[in-house]
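Colleague: structure, please.
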Amino acid sequence: VASASALNAPRCWPRCSSERQRRTSPHSSPRISAASRASSSSSCESLLLLTLTVLVLSLILVVGPIFAYSTWFLLFLLLELFAVATVSEAFLMSACFSRAKLATACAGILYFCSFVPFLFIQMRTDNMGGGAKRAASLLPPTALGLGAEIVVHYEQKRVGLQWHNLASGAACDGFSVLSC
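Modeller: Predicted coordinates:
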């Protein structure tokens with residue numbers, strides 16, 4: 001899912017920015033409704049593609065021996081929320097740029113940099129509290145990394161991600177999958 005969203009999210013940025021660029025040009029007042037429809041269409045297309053990828057991936061992870069103890073629907077839900085957050089982040093980043101080419105160049109770099117807090121948390125996991133992890137979870141790649149870490153912890157215990165342990169954390173800091 002991370003690779004699918006990493007490949008799909010940058011495709012969304014130039015379309016969102018170019019639609020906004022057309023809307024804000026001086027002679028584009030008759031095309032405003034068409035631009036919003038095209039922007040909405042690109043988000044639906046991206047979300048549909050990611051949902052299909054998430055469905056297949058969650059079934060492969062549970063049927064295969066990778067996440068054998070987890071409920072497939074909870075894995076699907078975790079990955080689907082990541083997909084929705086990724087598309088939303090793509091639209092947020094595209095709104096910050098006025099040119100489509102600039103949005104494509106900068107937003108891709110910003111998206112990959114949004115995984116850096118997870119690496120920082122990994123190095124200092126003993127000194128971090130649940131609040132710092134919740135703040136870092138506002139970035140979708142970091143939230144997926146933290147959530148996957150908890151799921152792997154449960155899989156190592158041969159319990160898996162289940163409905164009864166959804167709100168309990170793997171560590172004593174109170175950070176759980178629901179916190180992601």
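Colleague: residue boundaries of the strands in the protein?
Modeller: Remark: no strands are assigned in the chain by DSSP state E.
Colleague: where in it is pLDDT low?
Modeller: 1-41, 170-172 (pLDDT under 70).
Colleague: mind running it again at 80?
Modeller: 1-44, 46, 126, 169-174, 179-180 (pLDDT under 80).
Colleague: distance of residue 57 from residue 79?
Modeller: Remark: distance between residue 57 and residue 79 (Cβ to Cβ, to the nearest Å) = 6 Å. All C-beta atoms are positioned from the backbone trio N, CA, C, and that covers glycine.
Colleague: more neighbours: which of these two?
Modeller: Higher neighbour count among residue 57 and residue 79: residue 79, with 24 against 16, using other Cβ atoms under 10 Å.
Colleague: from residue 176, how far off is the nearest residue to that one once chain neighbours are set aside?
Modeller: Distances taken as Cβ to Cβ, 6 or more residues apart in numbering place residue 54 nearest to residue 79, at 4.4 Å, with adjacent residues excluded. Separation of residue 54 from residue 176 (Cβ to Cβ): 21 Å.
Colleague: between these two, who's got more neighbours?
Modeller: A count of neighbours by other Cβ under 10 Å puts residue 54 above the other of residue 54 and residue 176, at 23 against 18.
Colleague: from residue 111, how far off is the more buried one?
Modeller: 18 Å.
Colleague: can you check residue 105 too?
Modeller: In terms of Cβ to Cβ, residue 105 sits 12 Å off from residue 111.
Colleague: which of the two has more neighbours?
Modeller: Neighbour totals were compared for residue 105 and residue 111, and residue 111 leads with 21 against 14 (other Cβ under 10 Å).
Colleague: was I right to think the more buried one contacts residue 85?
Modeller: No: contact criterion Cβ atoms under 8 Å: residue 111 and residue 85 do not qualify, at 11.5 Å.
Colleague: burial count for residue 134?
Modeller: Counted with other Cβ under 10 Å, the neighbours of residue 134 add up to 16.
Colleague: now the helices for the protein?
Modeller: Listed in chain order, the helices of the chain (DSSP state H) span residues 2-24, 32-63, 72-95, 100-113, 116-123, 130-136, 140-156.
Colleague: one step back: quick check: the residue nearest to residue 79 touching residue 81?
Modeller: No: Residue 54 lies out of contact with residue 81 (Cβ under 8 Å); the separation is 9.4 Å.
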